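Participant: how would this look folded up:
(2 chains)
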Amino acid sequence: MTGLTLKGRGIVEGHCKAEALVSSKPISFLGGVDPADGKIIEKNHDLYGECIKDKILCFPHGHGSTVGSYVLYSLAKRNSAPKAILNQTADPVVVVGAIIANIPMVTQVDIDQINTGDLVEVDGSSGCVRVSKKEKS
Amino acid sequence: MAPAVVSGFRKKRRAEKKLHLTREEEQIYDGEFGWANQVCMKILVRLGELFNATRLIPISSAHISGVSYKTLGDAPIEFLKNMADADGKAKVKATLNPQSFSPEYLGKKLPKNIREKQFTILEQFERMGFTCSLTCTPYYLHRPEAGSHLAWAESSAVVYANSVLGAWTNREGGPSALAAAIIGKTPDYGMHMAGNREPTILVNVEKPLQNETEFGALGIHLGKILGNKIPLINGLKNASEDSLKQLGAALATTGMTNMFRRDASSEKRGIEKVSVEAEDIKRTIEGLSTAARHEPDLVFIGCPHCSLDEIRHIAGHVEGKKVKQRTECWVCTSRHNMEKAADYVKTIERTGAHVLADMCTIVSWTETLGIRTIMTNSAKTAYYAPTLNKAATILAPREECLKTAFKG
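Facilitator: Sure, this is the predicted structure:
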């Protein structure tokens, strides 16, 4: 396994390790994600049908209604939240959602370096992100 | 010793950050005042850091959006409940945006389940000491003093506060306004800094605007071209507050601008200039009128909620008349204004029109009621109705709306 370390800006503290789910599109949590099970329900989204539960969710940034913050809280209460959130740029909807749901979050991460399926270790305090690339078969 | 470790950690954390917290703010951040306060403080600190604020400043009021069950859904109910259970209490005057129905009229046409969920949401806010004002015009309840700092969500009220009332507020989201209400403070950035309130573009309106709908159209047009620039708009000197309300609501609908200026004294040399032609206004109004036929199911006035002046004008215009059959006519306002203008309200309701409090038509259940075409004087409503209400629109000044709704 090859690895690399990315440095971002820690927003919500916490340490975890899980598989990455990577999107090149912004996510609107209100209307875009099913608050019951964490499935992406926004049609035309590149993650449509995927489940964000227990993943290191990587996407450029959030968009849409500020109610989206509460959706992250609901997901966490139902154990359907991502393990951590990595963004390129932080926007208030996702930041507030990660805080109230207590999901480790790092921004200013070059998510282009991460592929779905990579094993990612996140330190939300230091903003350190370690990526172990998935073996190519 | 545990406390020493905690304070050591705290010092380390703060040393890295440019946002300075007072001792009490630090204690709240560290959870010494309970979970509700801690989570709210974290929201303010993290947002502040994100926008490079160096401190928190006290606010005189907060206004919270995200109240209607129709837009919120079930997601926030749990959070609000947990906040109230953990003794979250508003430290400053805190008001709420409208819900999706008026209890007296539309509420009766909706399933019990929806009414109950809405009631549960309001109950949590009430437990936290919020005023269930249910209006997008909190400034009619308490007019903030010029120069006071606020944390208001509801974009139309934000522009009105900054531009007409001279108060200072960013455009908050629902959760950040909630956090500000509970802490009584907001991070000092954006519209709270004098330097960010200077006009950066000069707008010349070539033909004087004739009515509130043209003011709204100007807002829609400018919102699209300004980005987040603050315009100094020439020719608004004698505009009524009600017309400026339409301008601000529309400006915030299509753009990120949180303020317009209208005082020539704020004019600066050398800033960018743009002119708005009569044709721009005309085309904007035409673009916001999507209905093929001039036969609205609903004639609606009150986005943003009507002022006392507007209610009085409407009453004067419709007194003794009758609303046409198969036409709904709604006048939306705050409960506060509805009670203050009780006599005018009676005059309007005798015609068959409805004066509705507590609700926002754009987020109401018009589709369920079979309303397919909405006529309104509000550019903001006309902008949103095709998507949010799945309705065709007719945008026209108030007088014309009333003429259409009433016989004779």
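Participant: For the closest residue to chain B within chain A, give me its contacts.
Facilitator: Residue nearest to chain B within chain A (CB to the nearest CB): A:T66, separated by 3.0 Å. Placement of C-beta: from N, CA and C, glycine included. Taking CB atoms under 8 Å, 6 or more residues apart in numbering or on different chains as the criterion, A:T66 is in contact with A:P92, A:V93, A:V96, B:S65, B:G66, B:A153, B:G173, B:G174, B:P175, B:S176.
Participant: B:K245 too?
Facilitator: B:T137, B:S156, B:Y160, B:V164, B:P304, B:S307.
Participant: Not counting sequence-adjacent ones, nearest residue to the first one?
Facilitator: Right, B:T137. Distance criterion CB to CB, 6 or more residues apart in numbering or on different chains; nearest residue to B:T137, sequence neighbours excluded, is B:H305 at 4.4 Å.
Participant: neighbours around the residue lying closest to B:C329 once chain neighbours are set aside, how many?
Facilitator: For B:C329, ignoring the flanking residues on the chain, the nearest one in space by CB to CB, 6+ apart is B:A353 at 3.9 Å. Other residues near B:A353 number 26, with proximity taken as other CB atoms under 10 Å in any protein chain shown.
Participant: hang on, isn't B:A353 packed against B:W330?
Facilitator: Yes - contact status for B:A353 versus B:W330: in contact at 7.2 Å, counting by CB atoms under 8 Å.
Participant: A:E42 falls within a strand, correct?
Facilitator: No - A:E42: not assigned to a strand; according to DSSP: H, G, I helix; E, B strand; the rest coil it is coil.
Participant: Contacts for the strand or helix carrying B:T381, please.
Facilitator: Taking DSSP states H and E as the definition, B:T381 sits inside helix B:379-388. Applying CB under 8 Å, 6+ apart, the contact partners of helix B:379-388 are B:156, B:213, B:216-217, B:219-220, B:246, B:249-250, B:253-254, B:284-285, B:288-290, B:300, B:303-304, B:361-363, B:374, B:376, B:391-395.
Participant: List of residues touching the helix or strand following that helix?
Facilitator: Going down the chain from helix B:379-388, the next helix or strand is strand B:392-395, by DSSP H and E. Contacts with strand B:392-395, where a contact means CB under 8 Å, 6+ apart, come from B:213, B:216-217, B:285, B:288-292, B:294, B:296, B:372-379, B:381-382, B:385-386, B:404.
Participant: now do stretch B:188-205
Facilitator: Contacts for stretch B:188-205 (CB under 8 Å, 6+ apart): B:48, B:51-57, B:149, B:162, B:168-171, B:186, B:218, B:222, B:226, B:229-236, B:258-259, B:261, B:266-268, B:271-276.
Participant: What is the burial count for the closest residue to chain A within the stretch 201-350 of chain B?
Facilitator: Closest to chain A within the stretch 201-350 of chain B is B:M256: 12.6 Å, counting by CB to the nearest CB. Neighbour count of B:M256, defined by other CB under 10 Å: 13.
Participant: Spatially, which residue comes closest to it, not counting chain neighbours?
Facilitator: Closest to B:M256 by CB to CB, 6+ apart is B:N228, at 4.2 Å.
Participant: contacting residues for that neighbour?
Facilitator: Contacts of B:N228 (CB under 8 Å, 6+ apart): B:G255, B:M256, B:T257, B:N258.
Participant: is it fair to say it lies in a strand?
Facilitator: No - checked against three-state DSSP, B:N228 lies outside a strand; its state is coil.
Participant: and it, how far is that from B:V345?
Facilitator: 39 Å (CB to CB, to the nearest Å).
Participant: now A:T116
Facilitator: Counting by CB to CB - A:T116 and B:V345 are separated by 59 Å.
Participant: Low-confidence ranges, the chain, go.
Facilitator: Because you didn't say which chain, this covers chain A. A:1, A:136-137 (pLDDT under 70).
Participant: You answered for a different chain; I wanted chain B.
Facilitator: Short version for chain B, where the test is pLDDT under 70: B:1-17, B:265-268.
Participant: spatially speaking, which residue is in the middle of it?
Facilitator: B:E154 (2.9 Å; CA atoms, centre = their mean).
Participant: before we move on, back to that, of all pairs in the contacts of B:K245, which one spans the longest distance?
Facilitator: Taking CB to CB, the two most distant members of the contacts of B:K245 are B:S156 and B:S307; they sit 12.9 Å apart.
Participant: out of those two, which sits in the busier spot?
Facilitator: B:S156 (25 against 21).
Participant: ok, the more buried one touching B:H305?
Facilitator: No - B:S156 is not in contact with B:H305 according to CB under 8 Å; the separation is 9.5 Å.
Participant: Now the common contact residues for those two.
Facilitator: With CB under 8 Å, 6+ apart as the test, B:S156 and B:H305 both reach B:C136.
Participant: Need the three-state assignment for B:T351.
Facilitator: B:T351 ends up coil, using three-state DSSP.
Participant: quick one, phi/psi of it?
Facilitator: phi -80, psi -10 (degrees, to the nearest 10).
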